[in-house]
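Sequence and predicted model, in that order:
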Amino acid sequence: MRRLSGQDRTRWRATSSRSFRTFFFTELAESTSGQATIEAAVLLPTLMLVIALLVQPVCIIYTRAAMRSAAAEAARAIATDYDGDLSDCRSYVLRRLEAVPDVPLFHSGGASDWSISLSRGGRGVNVEVVGHVRPLPLLGVALAAFSESDGKGMVLRESLREEVRPSWIRGTYGDWQRLWA
């Protein structure tokens, strides 16, 4: 058996790999005739649609979580607000709701669209935060069938009723101030 010199071995590797690659791609091109292009044309829009359908519920859940958090913090603020004017608590809730992007997937209508209802009675407080979201068209049809909607979009409503003064605490705020003074 004849040994190949270094130069012959290099030449044999280059020609054999080139012919293999050429043969393989020729065979592949003859058998598929552009099938990958058609698959990509179908796969990419389908993939984008699936991603959009998965992102929309996440955006709505984020908005509802921010609304719920703002309502809970407003309940705590109302519990300690003894001047009787709840406008500062309302502005506090609006400031907390700035965490929600003003993008129709999250919230539509800007800061003027938020409807905030605050009330204090006896030992409890009531907070209701209402906003709107405009879902994507495909998911919007399904969501409109199962949720409240109006001309502005789908209505998101978070209500919170919290007892801020337990029943075992006696007296009023003024009584406690006099006791510790």
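That came in fine, so what should we check first?

Spatially nearest residue to the residue most central in space within the chain (excluding sequence neighbours)?
The centre of the chain sits closest to Cys59, judged by Cα atoms, centre = their mean, with a distance of 2.2 Å. Closest residue to Cys59 apart from its sequence neighbours, by Cβ to Cβ, 6 or more residues apart in numbering: Leu105 at 4.4 Å. (Glycine included, C-beta is placed from N, CA and C.)

re the thing from before, so the residue nearest to the centre of the chain is in which element?
helix 35-80 (DSSP states H and E).

Straight-line length of stretch 128-148, end to end?
Criterion Cα to Cα, to the nearest Å; first-to-last residue distance in stretch 128-148 is 16 Å.

Backbone dihedrals for His132, please?
phi -130, psi 150 (degrees, to the nearest 10).

Give me the neighbour count for it.
Neighbourhood size, His132 [other Cβ atoms under 10 Å]: 20.

dump the residue contacts of it.
His107, Ser108, Gly109, Asp113, Asp150, Lys152, Gly153, Met154, Val155, Leu156 (Cβ atoms under 8 Å, 6 or more residues apart in numbering).

now Arg64: how far from Asp83?
31 Å (Cβ to Cβ, to the nearest Å).

Those two: which is more packed in?
Higher neighbour count among Arg64 and Asp83: Arg64, with 17 against 6, using other Cβ under 10 Å.

May I have the residues that are in contact with that one?
Leu156, Glu158.

Model confidence for it, exactly?
Looking at Arg64, its pLDDT is 95.

where do the strands sit along this structure?
Taking DSSP state E to define them, one finds strands in the chain at 115-121, 124-133, 149-150, 153-163.

Compare these and report which one is nearest to Ile78.
Closest to Ile78 of the strands of the chain is strand 124-133 (Cβ to Cβ; 4.5 Å).

so what strands line up beside that closest one?
Note on strand 124-133: by DSSP bridges, its sheet partners are strand 115-121 (antiparallel), strand 153-163 (antiparallel).
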